[in-house]
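> Curious how this folds, go ahead:
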Amino acid sequence: MVADLQVARGEVMLTVGASDYLEVMRLLQSHKDLAFDQLIDLCGVDYSTYEGKFSAPFRYAVVVHLLSVTLNHRLRVKVFAVDDDFPRVQSVTSIWASASWFEREAFDLYGVVFDGHSDLRRILTDYGFIGHPFRKDFPLSGYVEMRYDADRRRVVYEPITIEPRENTPRVVREDNYGGLH
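This is a model prediction of the structure:
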């Protein structure tokens, strides 16, 4: 059920397996000795280029921050999506309604699918947007650009037209810079 439990920098982090995630989250919310009644945040993480002492078992994770108002304590819960090609975890919207927006954001930006979410669609990018911009392998310039075309009197989508350029810094040297001769 619990894959790992750590205390780092004064914060408790619980890592759970994807198959146990929903059950653990229900327990954290409903057990009287835990009483995590508020989901503060939920976000996606792409560990594909992580270069630290922690080695991730899978590429994508979902990190949830919980708060118990009655007991005044916090908890961070991490779950890894076991399929790097199609990351998916269970939705926790049935436990905390506030998870809805956050899960849509993680889906939009990282491509993590939340099974059981009733309205999983893009929330920050355009409907026709291709890809997930917070993935580490997403190109920095994207694929298409959107602009208003005054002749057509509408918004048009076109392939990226960024010209490669070389930035050469210009150095200005004054004879009397800083009062030195």
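
> Please report phi then psi for S68.
phi -100, psi 110 (degrees, to the nearest 10).

> Was I right to think it contacts H31?
No. Assessed by Cβ atoms under 8 Å, S68 is found out of contact with H31, at 10.3 Å. Just so you know, the C-beta spots here come from the backbone N, C-alpha and C atoms, and that holds for glycine as well.

> The two: who's more crowded?
S68 (17 against 10; other Cβ atoms under 10 Å).

> what does the helix ranked longest in the chain contact?
The longest helix of the chain (DSSP state H) is helix 99-110. With contact meaning Cβ atoms under 8 Å, 6 or more residues apart in numbering, helix 99-110 is reached by 39, 41-46, 60, 62, 64, 87, 91-93, 112-114, 117-125, 132-135.

> Show me what counts as buried in it.
99-100, 102-110 (16 or more other Cβ atoms under 10 Å).

> can you map out the strands along this structure?
Taking DSSP state E as the test, the strands found in the chain are 2-8, 11-16, 38-46, 60-68, 73-80, 88-90, 113-115, 144-149, 154-159.

> I'd like to know which elements the fourth one is packed against.
When contacts are defined as 3 or more Cβ pairs under 8 Å, 6 or more residues apart in numbering; DSSP states H and E, strand 60-68 sits against helix 21-30, strand 38-46, strand 73-80, helix 99-110.

> cutoff 7 Å now
Applying 3 or more Cβ pairs under 7 Å, 6 or more residues apart in numbering; DSSP states H and E, one finds that strand 60-68 makes contact with strand 38-46, strand 73-80.

> hang on, the earlier thing: turn the strands of the chain into JSON lines, including distance to E23.
As requested, those are arranged in JSON lines below (distance: least, Cβ to Cβ, whole Å):
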{"stretch": "strand 2-8", "distance to E23": "11"}
{"stretch": "strand 11-16", "distance to E23": "9"}
{"stretch": "strand 38-46", "distance to E23": "16"}
{"stretch": "strand 60-68", "distance to E23": "14"}
{"stretch": "strand 73-80", "distance to E23": "11"}
{"stretch": "strand 88-90", "distance to E23": "9"}
{"stretch": "strand 113-115", "distance to E23": "14"}
{"stretch": "strand 144-149", "distance to E23": "42"}
{"stretch": "strand 154-159", "distance to E23": "44"}
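
> Read off the pLDDT value for the residue nearest to F129 when sequence neighbours are not counted.
Closest residue to F129 apart from its sequence neighbours, by Cβ to Cβ, 6 or more residues apart in numbering: R122 at 6.6 Å. For R122, the model assigns a pLDDT of 92.
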